[in-house]
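*Asks:* sequence and predicted model, in that order:
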Amino acid sequence: MTRQQQHEDNHSGTRKLTDRIGLVTLALLFVVTVSLSNMLFRGLRIDLTENRLYTLSEGTVRILQSLQEPVHLQLYYSATASGDEQLLRGYAERAETMLDEFAEVANGNIKISIIDPKPFSEDEDFAQALGLTPVYLDIDPIYLGIVGSNSTDGEEHIPFLDISRETFLEYDLARLVYSLANRDRPVLGIISSLPVTGGYDPATGLIEAPWTIVTELEQLFEWRALELNEGALSTAIPEDVATLFIIHPAELSAAQLYTIEQFVFGGGSALIMLDPFAESTTSGAFDAPISSGFKLLEDWGLQFDTNSFVADEAFALAVVDDNGKTQRHPGLIGVQRSALSNDNVISSGISSLNLGFSGAFSATADADISLSTLVESSANATLLPVSLILQTRNTAEFSALIPTNIAPLTLAAVVRGSPTSAFAPRDSAHLAQPSTPLKVVVVGDTDLLTDRYWTQVQNYFGQNINVPFSGNADFIINILDNLSGSNDLIGMRSRAVYTRPFTRVSELRREAEAEFRLRREQLETELAATETRLEELQNGDAADSGLLNTEQDDEVARFMDQRLQIRKDLRTVRRNLSRDIEQLGMQLLLLNTLLIPLLIALAGIGAGMYRRGRLFSGMAN
């Protein structure tokens, strides 16, 4: 062996040893790096999802961080009974993830429990006793609800997490926590000539339920229906009332108006909803336009024309006329995000509002108050006489009366300033001006409170589910939250949906559904054949009735055996579907947790070996 060959062998051996040491070193470095990152960045979360799906809103964070007592949230999900129902399983997982985020932010004041109420178990008995609502996709009941409790006797629950309210998941959970943390809810004093709180209706002779908007308010507020008689309002508003909710008030006396004014001047707040044409005051066809005014506002310098409604060509909603044709009605308007104020927390998160024959507000030139607009019309809007509503059948006639590119009209606003009392002093306690900044909001429509303008109430397996299609209720709740001193629930009413299509899972599901359909058709065919055979036996000429009954029994027994076998086959198909989807999920998990880091590590090792090879080659030369 020559000296050159010996040198090359030594060099080759050294390089192999170096390569092995390098591989071991990189592997150890990889393990150490992963371990250190787990320790150093434990609890660190980065939301890289589109629309920041797992990032809590500021209002939710404030609610959670202000908790003064522990809150226990129990998620009841029938994971066993739901089987391969991926829609429910996915939504339950998203709810659990959201709850985990709540617990993380709450600094130990929220405890999360996940309970699978299996059929005929004590957990199922508890779920029923707690008022959770099951659904039935098969024989066994399926629960997907939340029960919350605080350190005292407070308890709140969401009977069923309806996936149609997916965009409201954070709000529903935050509202539940807020209710548990604030057992003394603000009290609303409702003054209305409309049956918003339900009760006896003399026109129909029936007991009417409260409007859906009131049931929504009950989640956050207590309310008192204040009678409109002279004695109830001429003395004082109950001390526990924090905010007046005045909806389409009837003619109020001077004594009643004085009581309301002094309440507001003394630091109380008020949401005042007026209407030049309140549809809810009539049943069936309109008999006459019914409007509402509030003289106190006029005394303060605020104008509201009860004889005119806003006709808006740009925001006109589509309606079906008596002939079944669709027309856009400028009196029924769908206000879009562009016409909602971006400068006020009340309008935060509201994407649209639906109003019917709304009025408009303005302040006189010499008024001691001003209006901060919350909602306005488009530039293609004007005020038209209320009398035209009954006279005009063709909505195109309204459009012909609307000019273009004029100043928008104010449909809802915050009233600011320090107005002078409209009344002479009655005693030493009289307030000539507000003692604190005025807290009054005015809205020019009351029809937006009625269900048909903002929600569909659906019966979902025996449970009434409120599915909003407009932000009307959110807008009213935002206002009352703001007036009652709580802004925490504002701005988190809705969020983007979580659902993203998984094409392979969809393909697996389509294949399984095709096999299901085949099995169902087989079952139906067997059932029809068996019924035909039974009918032949019953109509046959067999003389021996005992034999006939025996044949019938045999045919029924054969059918029952076949049906049992087909049900077994269906369960097999279900299991196969779950197995295929779970295998796909495991592959994705391995891809995310092992393959990608491994590829990165291999790329680093390869780069290191390449550099070392070049280094040794240079040394040899």
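*Replies:* Yes, it's here.
*Asks:* roughly how far apart are I213 and D447?
*Replies:* Separation of I213 from D447 (C-beta to C-beta, to the nearest Å): 11 Å. In short, each C-beta sits where N, CA and C put it, glycine included.
*Asks:* state the pLDDT value of I566.
*Replies:* Per-residue pLDDT puts I566 at 64.
*Asks:* typed the wrong thing, it's T404
*Replies:* 80.
*Asks:* ok, now Q256?
*Replies:* 89.
*Asks:* what's the answer for A413, then?
*Replies:* At A413, the predicted lDDT confidence score is 96.
*Asks:* give me the element the closest residue to it other than its chain neighbours is part of.
*Replies:* Nearest residue to A413, sequence neighbours excluded (C-beta to C-beta, 6 or more residues apart in numbering): L371, at 4.0 Å. Assigned by DSSP states H and E, L371 belongs to strand 369-376.
*Asks:* where does the chain have its least confident helix or strand?
*Replies:* For the chain, counting by mean pLDDT, DSSP states H and E, helix 230-233 ranks last in confidence among helices and strands (a mean of 49).
*Asks:* just checking: what are the partner strands of the next helix or strand after that helix?
*Replies:* Next helix or strand after helix 230-233 toward the C-terminus (DSSP H and E): strand 241-247. Using DSSP bridges, strand 241-247 pairs in its sheet with strand 187-192 (parallel), strand 269-273 (parallel).
*Asks:* domain-wise, how is the chain divided?
*Replies:* What automatic domain parsing lists as the domains of the chain is 1-46, 58-164, 188-483, 503-620.
*Asks:* thought D368 was touching G417?
*Replies:* Yes: with contact defined as C-beta atoms under 8 Å, D368 counts as touching G417 (5.2 Å).
*Asks:* any weak-confidence spans in the stretch 251-400 of the chain?
*Replies:* 282-289, 322-323, 348 (pLDDT under 70).
*Asks:* switch the cut-off to 50
*Replies:* Flagging of the stretch 251-400 of the chain using pLDDT under 50 yields the residue ranges 284-286.
*Asks:* where along it do the strands fall?
*Replies:* Along the stretch 251-400 of the chain, counting by DSSP state E, counting those that start in this stretch, strands occupy 269-273, 302-304, 308-312, 316-320, 326-336, 352-356, 361-363, 369-376, 381-385.
*Asks:* could you dump those into CSV and include mean neighbour count and distance to A424?
*Replies:* Output for the strands of the stretch 251-400 of the chain, formatted as CSV (neighbours: other C-beta atoms under 10 Å; distance: least, C-beta to C-beta, whole Å):
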stretch, mean neighbour count, distance to A424
strand 269-273, 24, 22
strand 302-304, 19, 21
strand 308-312, 28, 32
strand 316-320, 15, 46
strand 326-336, 20, 40
strand 352-356, 24, 38
strand 361-363, 19, 24
strand 369-376, 19, 20
strand 381-385, 20, 34
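*Asks:* among those, which is nearest E170?
*Replies:* strand 352-356 (19.5 Å; C-beta to C-beta).
*Asks:* who are the packing partners of the closest one?
*Replies:* strand 326-336, helix 472-483 (3 or more C-beta pairs under 8 Å, 6 or more residues apart in numbering; DSSP states H and E).
*Asks:* of those, which approaches L132 most closely?
*Replies:* helix 472-483 (23.7 Å).
*Asks:* ok, back up a step: pick out whichever of D368 and G417 has more residues nearby.
*Replies:* G417 (18 against 14; other C-beta atoms under 10 Å).
*Asks:* distance of F361 from W300?
*Replies:* Using C-beta to C-beta, F361 is found at 12 Å from W300.
*Asks:* ok so, going back, could you dump the strands of the stretch 251-400 of the chain to TSV with distance to I191?
*Replies:* Listed next are the strands of the stretch 251-400 of the chain as TSV, based on distance: least, C-beta to C-beta, whole Å:
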stretch	distance to I191
strand 269-273	9
strand 302-304	17
strand 308-312	23
strand 316-320	29
strand 326-336	26
strand 352-356	21
strand 361-363	19
strand 369-376	21
strand 381-385	26
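*Asks:* which stretch among those strands comes nearest G198?
*Replies:* strand 269-273 (17.7 Å).
*Asks:* hey, where'd the helices end up in the stretch 401-550 of the chain?
*Replies:* Using DSSP state H, counting those that start in this stretch, the helices found in the stretch 401-550 of the chain span residues 472-483, 503-539, 545-590.
*Asks:* could you check how many residues crowd around the closest residue to D366 other than its chain neighbours?
*Replies:* Once flanking residues are discounted, D366 sits nearest to G301: 6.8 Å by C-beta to C-beta, 6+ apart. For G301, the count of nearby residues is 19 (other C-beta under 10 Å).
*Asks:* quick check: which ranges of the stretch 101-250 of the chain have low pLDDT?
*Replies:* In the stretch 101-250 of the chain, residues with pLDDT under 50: 231-233.
*Asks:* can you give me the strands for it?
*Replies:* Listed in chain order, the strands of the stretch 101-250 of the chain (DSSP E, counting those that start in this stretch) span 110-115, 135-136, 141-142, 144-150, 155-158, 187-192, 199-201, 206-208, 222-225, 241-247.
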